[in-house]
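**Student:** Structure, please.
(4 chains)
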There are 2 protein chains.
Amino acid sequence: MAALGYQPHAAAQNMRTNRSRIAGFLIPDLTNPVFSQVAKAAESVLAEIGYGLFIFSSDRSERREIDFIAMAAQGRMDGLIVSVSDEGNERVRRALSQVKIPMALWDRDLDLEADVVFSEHARAMRRITSHLIELGHRRIGLITAPTAIRPGRERVRGYREAMGAAGLGPDDNLIRCDMQTTEYGYQQALELLALTPRPTAILAGGNEILYGAVRAVRTLGLSIPDDLSLVGADDRLLSDLLDPAVTIIERDMREIGRTLGAMLARRLEGPSEAPPRHVTLTSEILMRDSIAAPASPV
Amino acid sequence: MAALGYQPHAAAQNMRTNRSRIAGFLIPDLTNPVFSQVAKAAESVLAEIGYGLFIFSSDRSERREIDFIAMAAQGRMDGLIVSVSDEGNERVRRALSQVKIPMALWDRDLDLEADVVFSEHARAMRRITSHLIELGHRRIGLITAPTAIRPGRERVRGYREAMGAAGLGPDDNLIRCDMQTTEYGYQQALELLALTPRPTAILAGGNEILYGAVRAVRTLGLSIPDDLSLVGADDRLLSDLLDPAVTIIERDMREIGRTLGAMLARRLEGPSEAPPRHVTLTSEILMRDSIAAPASPV
DNA sequence: CACATTTGTGTTAACGTCAACACAGCATTG
DNA sequence: CAATGCTGTGTTGACGTTAACACAAATGTG
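**Tutor:** I've put the predicted structure just below:
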């Protein structure tokens, strides 16, 4: 075999055994380090059991999501890790429900027979919001992902709970949750900082949004934390290298990826018909120098 | 067909047609935006001709690179885009030479029958080095990728040429090119800045290295550009958001990815036996405020 | 030594698809 | 109208692998 350089033909093996030894990972955007780090960790877990991981970036396009799910339905993959871009998309949900292979969902509420890994957003957001309130902040802006996905929903919920608990009536004008892009973060930070009275703190829920918010602060020439307290999320690199370093809500992306990979691996290895598992992984607050008491407390 | 929800069985199609409609992309590290951006662009080009792109991150492990190439050899992929982590690895080279499918190489010098996309590193490095010399710098440090891969080799070459042309004798102690990690950038920047006389400028060739160098500058409490001129490469985000913004050598990652994807697509579409193509894409220098004349020119 | 059990070797069929082919039905043409 | 060409439908075999099976050889047991 070795002498002749024989290589078994993968397609023939797949057809005969009805397994491809490939798992799929559907993510919104590969170039976002949040996703690529999780994907990489999941990949290495699956590699241990001889599985390849086909990582697919949908660019938040329904068409691309459905195309990828169709590939899975054609037997190209034995299992799927999924993070859809819109939980409300019924076509995508239906496509997923028709794929008869094990699935693991990441931080999405979908009514599917699948394992799920949740991140804890609300609690961290509640804690940091309460912390800002204790420092004296009253007008706190929030920019985060759409409520069409769980992270956005949970972050808004945590923020509202903390504000409500402090007797600070809900001011929907302080909440911006329509997109999770740098450009959106920039625009909404500019708008929030143009309000009167101007917010004394901004919570940037999401790494891309943080980048936009930082740029907006730069554009307006504001000083952190004197003019504005700033909190970010899910960024390891920039938040640390900025001056001052930015307080962030942080999760362990490698742990998330490993957990997703391990959950799927368990179902790929044996035909375990165990009921779906739900795991919630915590977020931590990394306190740094971008937050302080407001200059002139109301 | 639609009524019954019929899905053709991919493995059977693959076996019958001897094509998988999947291409592979071997990269060193998926979590580096340089690679994920190129991969994403290549993916979208290949998607247009109905091909999926299996992106595989080797973590610079020979074993993983060979494992992936073996998957290609088993007929799982119809084509391959490759960026190996070490051009000198003969086992990897041999494995690639035995895979009988079209290949496109990215920025690597390997003696293979394959299309190649080169980035222009030496010219940009020569120009920015000359620019620093004109500003009055004499001791200029360079930290970049190993010369075991073309980008490292070319950057060192461009730097040497500019230094030599200015009559500045080669000082190998100013050149650090062993790894391309944040930690290496940090350590080597610290070492360079501990030399006497201290370099007045540092060229950080590579995004990860730049992050480390920025951290070292922070650690030492140096001021940019007063105490040190700093030049980075391949980073869109951090270099712009730092204060002052960092001058960088920049390449269009999407163009690189699209070109790689298009080259491979051409060979996947028709059985074109055209001779291998070589394309060189330019790099640009984005002048920002991190470079200035040295405080006390020698 | 006869019988049961294990180990090893060789043969066969099936996985699902699609290209190739055969053939029937129909239209076109001289 | 016969000969020719075109369109559509139905049948068949092969892609490379592996599980299953049959059978032979070797080993173990009473």
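**Student:** Right, and DNA strand C sits closest to which residue of the stretch 151-298 of chain A?
**Tutor:** When distances are taken as Cβ to the nearest atom of the strand, the stretch 151-298 of chain A reaches nearest to DNA strand C at residue A:271, 17.5 Å away. Yep, even glycine has a C-beta here, placed from its N, CA and C like the rest.
**Student:** so that residue sits in a helix?
**Tutor:** No: assigned with DSSP: H, G, I helix; E, B strand; the rest coil, residue A:271 falls outside any helix and is coil.
**Student:** Return the residues of the stretch 151-298 of chain A in contact with chain B.
**Tutor:** When proximity is defined by Cβ under 8 Å from any Cβ of the partner chain, the stretch 151-298 of chain A lies next to chain B at A:211, A:214, A:215, A:218, A:237, A:238, A:240, A:241, A:242, A:243.
**Student:** so can I have a markdown table of those showing neighbour count?
**Tutor:** Shown next, in a markdown table, are those (neighbours: other Cβ atoms under 10 Å in any protein chain shown):
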| residue | neighbour count |
| --- | --- |
| A:211 | 24 |
| A:214 | 29 |
| A:215 | 18 |
| A:218 | 15 |
| A:237 | 18 |
| A:238 | 20 |
| A:240 | 16 |
| A:241 | 18 |
| A:242 | 24 |
| A:243 | 12 |
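**Student:** Out of the residues you listed, flag the one nearest to residue B:94.
**Tutor:** Taking Cβ to Cβ as the measure, residue A:237 is the one of those closest to residue B:94, at 37.2 Å.
**Student:** list the contacts for the closest one?
**Tutor:** Each residue near residue A:237 by Cβ atoms under 8 Å, 6 or more residues apart in numbering or on different chains is listed here: A:33, B:211, B:238.
**Student:** Sitting in helices, which of the residues you listed do you find?
**Tutor:** Judged by DSSP state H, the contacts of residue A:237 include A:33, B:211, B:238 as members of helices.
**Student:** Wait, the first one touches residue B:30, no?
**Tutor:** No: here residue A:33 lies out of contact with residue B:30, judged by Cβ atoms under 8 Å, at a distance of 9.8 Å.
**Student:** Helix, strand or coil: sort out the residue in the stretch 51-200 of chain A that DNA strand D sits nearest to for me.
**Tutor:** Residue nearest to DNA strand D within the stretch 51-200 of chain A: residue A:75 (13.4 Å; Cβ to the nearest atom of the strand). Under three-state DSSP, residue A:75 falls in the helix class.
**Student:** What ranges in the stretch 1-150 of chain A fall below the confidence cut-off?
**Tutor:** Applying pLDDT under 70 to the stretch 1-150 of chain A flags residues A:1-2.
**Student:** and what of the stretch 151-298 of chain A?
**Tutor:** Residues of the stretch 151-298 of chain A meeting the criterion pLDDT under 70: A:272, A:296-298.
**Student:** give me the element the nearest residue in space to residue A:289 that is not next to it in sequence is part of.
**Tutor:** Spatial nearest neighbour of residue A:289, excluding adjacent residues (Cβ to Cβ, 6 or more residues apart in numbering or on different chains): residue A:244 at 3.6 Å. Using DSSP states H and E, residue A:244 sits in no helix or strand.
**Student:** Please name the residues that touch residue A:244.
**Tutor:** So residue A:244 contacts A:224, A:225, A:288, A:289, A:290 (Cβ under 8 Å, 6+ apart).
**Student:** I'd like to know which of the residues you listed are part of helices.
**Tutor:** Members of the contacts of residue A:244 lying in helices (criterion: DSSP H): none.
**Student:** show me where the stretch 101-250 of chain A has strands.
**Tutor:** A:103-106, A:115-119, A:140-144, A:175-176, A:201-205, A:229-233, A:247-251 (DSSP state E, counting those that start in this stretch).
**Student:** right, and residue A:141 touches residue A:198 too?
**Tutor:** No: taking contacts as Cβ under 8 Å, residue A:141 lies outside contact range of residue A:198: 9.3 Å.
**Student:** More neighbours: which of these two?
**Tutor:** Ranked by neighbour count (other Cβ atoms under 10 Å in any protein chain shown), residue A:141 and residue A:198 place residue A:141 first, with 25 against 14.
**Student:** on that earlier part again, ranking by neighbours, what's the top pick from the contacts of residue A:244?
**Tutor:** Within the contacts of residue A:244, most neighbours by other Cβ under 10 Å means residue A:290, with 24 neighbours.
**Student:** Tell me how far it lies from chain B.
**Tutor:** Residue A:290 sits 13 Å away from chain B, going by Cβ to the nearest Cβ, to the nearest Å.
**Student:** Flag every residue of chain A that's near DNA strand D.
**Tutor:** For chain A, the residues in contact with DNA strand D (Cβ under 7 Å from any atom of the strand) are A:6, A:7, A:8, A:9, A:12, A:13, A:15, A:16, A:17.
**Student:** can you pull the contacts of the fifth one?
**Tutor:** The one in question is residue A:12. Taking Cβ under 8 Å, 6+ apart as the contact definition, residue A:12 lies against B:11, B:15.
**Student:** TSV please, covering the contacts of residue A:244 and showing distance to residue B:109.
**Tutor:** Shown next, in TSV, are the contacts of residue A:244 (distance: Cβ to Cβ, whole Å):
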residue	distance to residue B:109
A:224	46
A:225	50
A:288	43
A:289	46
A:290	45
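**Student:** If we only consider those residues, which is nearest to chain B?
**Tutor:** Nearest to chain B among the contacts of residue A:244 is residue A:224, at 10.8 Å by Cβ to the nearest Cβ.
**Student:** OK, contacts around the closest one?
**Tutor:** With contact set as Cβ under 8 Å, 6+ apart, residue A:224 has these partners: A:217, A:230, A:244, A:246, A:290.
**Student:** How about residue A:175, nearest residue that isn't a chain neighbour?
**Tutor:** Once flanking residues are discounted, residue A:175 sits nearest to residue A:142: 5.0 Å by Cβ to Cβ, 6+ apart.
**Student:** Pull up the gap between the one you found and residue A:213, please.
**Tutor:** 11 Å (Cβ to Cβ, to the nearest Å).
**Student:** cool, and residue A:222?
**Tutor:** Per Cβ to Cβ, residue A:222 is found 11 Å from residue A:213.
**Student:** Of the two, which one has the most company?
**Tutor:** residue A:213 (30 against 16).
**Student:** the helices in chain A, which residues?
**Tutor:** Under DSSP H, chain A gives helices at A:10-17, A:33-48, A:62-71, A:90-98, A:122-135, A:150-165, A:182-192, A:207-220, A:238-241, A:253-269.
**Student:** out of these, nearest to residue A:284?
**Tutor:** helix A:122-135 (7.3 Å).
**Student:** where does the closest one sit relative to the chain's centre, distance-wise?
**Tutor:** Here the centre of helix A:122-135 is set off from its chain's centre by 20 Å, with Cα atoms, centre = their mean, to the nearest Å.
**Student:** Give the buried residues for that helix.
**Tutor:** Across helix A:122-135, burial judged by 16 or more other Cβ atoms under 10 Å in any protein chain shown covers A:122-133, A:135.
**Student:** And chain A, what are its domain boundaries?
**Tutor:** Following automatic domain parsing, chain A resolves into domains at A:10-117+A:253-281, A:122-251.
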